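Undergrad: no sequence for this one, just the structure:
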């Protein structure tokens with residue numbers, strides 16, 4: 001049995017409440033449907049951007065009309081499955097993927113994007129974080145709604161900081177069980193030599209920006225405890241092969257220094273219930289000369305692939321000292337001038353080559369004519 005009512009929230013959208021009774025009223029099957037601590041319902045809520053409340057077999061779904069109808073159909077299908085199988089978060093993910101709900105949610109987000117009522121904030125134990133400007137808002141919204149996300153742009157645009165904030169909020173809300181901090185161990189144009197200590201200590205210098213953000217959002221002692229309990233894990237990119245990462249929030253920082261093979265390996269580690277954020281600046285690649293960045297390559301390979309979010313930042317999004325923005329712009333202008341100069345030189349060389357070839361052909365033709373005469 002279903003009943004639908006609607007209430008206007010703002011000028012751009014309307015929330016609808018759908019009441020749903022699932023029959024038969026079987027406590028064991030309902031527990032199977034909802035999952036431990038209602039984790040299955042929370043998963044559907046987060047993926048479909050709706051609210052689900054229930055008492056026994058009576059469910060109440062709130063959100064956009066198309067979404068609550070789709071969620072009701074999904075709950076009915078899942079409830080039928082509870083008669084013959086034990087539901088898991090993985091099976092819920094598979095139902096969400098195969099039911100076409102992702103396209104419906106994506107269309108809903110496009111229709112409502114830009115609404116002033118959708119200003120996003122991230123809540124962490126140490127305070128609330130507000131993304132600045134429309135591009136940071138878009139970035140956070142993309143991270144919250146896609147399993148794999150790329151944040152690409154210059155230093156100081158908040159790519160890494162906001163990714164950590166999303167991870168901390170997800171961990172605080174029990175949406176994930178752990179946070180993984182990953183980075184390729186590539187020096188910025190220097191050879192640091194042998195680094196003493198255990199694995200974590202060797203990688204710590206490379207992950208300092210991530211640690212600084214975690215300390216600010218969780219506190220030094222809490223971060224230390226979570227690392228000790230392996231809730232926050234430091235993982236060098238080279239050590240990721242062979243793993244499958246379920247129910248985790250994974251941040252790959254400085255991804256412009258990955259190779260093609262490393263990037264493919266990393267992306268294929270992602271399991272059920274996980275979110276991955278890959279950040280990088282394609283203008284600061286420290287790989288050996290002649291080796292193409294995995295980030296540059298993957299942005300071409302995955303262009304247009306459904307379920308992958310890409311946010312591109314530029315100098316206007318820099319939120320550090322104003323001088324940082326000017327420096328980024330100066331480098332961009334200089335690189336554009338150099339590229340234009342190199343292009344002009346290539347074109348001039350090609351024109352000269354073609355002219356020389358034409359002159360040689362003309363000379364050969366003249367010589368042949370002289371011999372014939």
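TA: Alright, I've got the coordinates. Keep in mind that this is a model prediction, so the values were computed, not measured.

Undergrad: In a helix, residue 18, correct?
TA: No - the assignment for residue 18 by DSSP: H, G, I helix; E, B strand; the rest coil gives strand, which leaves it out of any helix.

Undergrad: count of residues packed around the nearest residue to residue 246 once chain neighbours are set aside?
TA: In space, not counting the residues next to it along the chain, residue 246 is nearest to residue 271; the distance is 3.8 Å by CB to CB, 6 or more residues apart in numbering. (Glycine included, C-beta is placed from N, CA and C.) Residue 271 is surrounded by 14 other residues when neighbours are defined as other CB atoms under 10 Å.

Undergrad: how close does residue 271 sit to residue 159?
TA: Counting by CB to CB, to the nearest Å, the separation of residue 271 from residue 159 is 24 Å.

Undergrad: Residue 214 against residue 224, yeah?
TA: No - with contacts defined as CB atoms under 8 Å, residue 214 does not count as touching residue 224, sitting 10.1 Å away.

Undergrad: More neighbours: which of those two?
TA: residue 214 (24 against 13).

Undergrad: Tell me the secondary structure of the more buried one, please.
TA: Following three-state DSSP, we place residue 214 in the helix state.

Undergrad: Please list all residues in contact with the most centrally placed residue in the chain.
TA: Most central in the chain under CA atoms, centre = their mean is residue 149, positioned 1.6 Å from the mean C-alpha point. Under the criterion of CB atoms under 8 Å, 6 or more residues apart in numbering, the contact list for residue 149 reads 139, 142, 143, 275, 276, 277, 278, 308, 309, 310, 311.

Undergrad: now that we have those, which one has the most neighbours?
TA: Highest neighbour count within these, by other CB under 10 Å: residue 139, with 31 neighbours.

Undergrad: give the contact list for it.
TA: Residue 139 neighbours (CB under 8 Å, 6+ apart): 131, 149, 151, 158, 159, 162, 311, 313.

Undergrad: Please repeat the previous calculation with a cut-off of 6 Å.
TA: For residue 139, the set of contacting residues under the criterion of CB atoms under 6 Å, 6 or more residues apart in numbering consists of 151, 311.

Undergrad: Leaving out the residues flanking it, which one is nearest to residue 294?
TA: For residue 294, ignoring the flanking residues on the chain, the nearest one in space by CB to CB, 6+ apart is residue 263 at 3.1 Å.

Undergrad: per-residue confidence for that neighbour?
TA: Note for residue 263: predicted pLDDT of 93.

Undergrad: cool, residue 199 as well?
TA: Model confidence at residue 199, expressed as pLDDT, equals 57.

Undergrad: Helices along the stretch 151-300 of the chain, start to end?
TA: 159-172, 199-203, 208-218, 220-228, 260-267, 294-301 (DSSP state H, counting those that start in this stretch).

Undergrad: Can you give the contact residues for the fourth one?
TA: The contact list for helix 220-228 (CB under 6 Å, 6+ apart) reads 214, 215, 232.

Undergrad: where does this protein have its least confident helix or strand?
TA: strand 2-8 (a mean of 48; mean pLDDT, DSSP states H and E).

Undergrad: now residue 62, what's its secondary structure?
TA: Put simply, residue 62 is strand when judged by three-state DSSP.

Undergrad: Quick check on the nearest residue to it once chain neighbours are set aside: phi, psi?
TA: Ranked by CB to CB, 6+ apart and with sequence neighbours excluded, the top spatial neighbour of residue 62 is residue 51, at 4.3 Å. Residue 51 adopts backbone torsions of phi -120, psi 130, taken as degrees, to the nearest 10.

Undergrad: I'd assumed residue 298 was in contact with the residue nearest to residue 294.
TA: Yes - contact status for residue 263 versus residue 298: in contact at 4.9 Å, counting by CB atoms under 6 Å.

Undergrad: what's the domain layout of this protein?
TA: For the chain, whose domains are defined here by automatic domain parsing, the residue ranges read 2-112, 119-320, 326-366.

Undergrad: Could you say which of those domains is packed most deeply?
TA: Per-stretch averages of neighbours, counted by mean count of other CB atoms under 10 Å, single out domain 119-320 among the domains of the chain, with a mean of 18.

Undergrad: Tell me the secondary structure of the closest residue to residue 56 other than its chain neighbours, please.
TA: Setting aside the residues directly before and after it, residue 56 is nearest to residue 25 in space (CB to CB, 6+ apart), at 6.3 Å. With three-state DSSP as the basis, the three-state label of residue 25 is coil.

Undergrad: ok, residue 80 - contacts?
TA: When contacts are counted by CB under 6 Å, 6+ apart, residue 80 is found next to no other residue.

Undergrad: Can you give me the separation between it and residue 92?
TA: Residue 80 sits 14 Å away from residue 92, going by CB to CB.

Undergrad: do the same with residue 37
TA: 14 Å.

Undergrad: Confirm that residue 52 sits in a strand.
TA: Yes - with three-state DSSP as the criterion, residue 52 is assigned to a strand.
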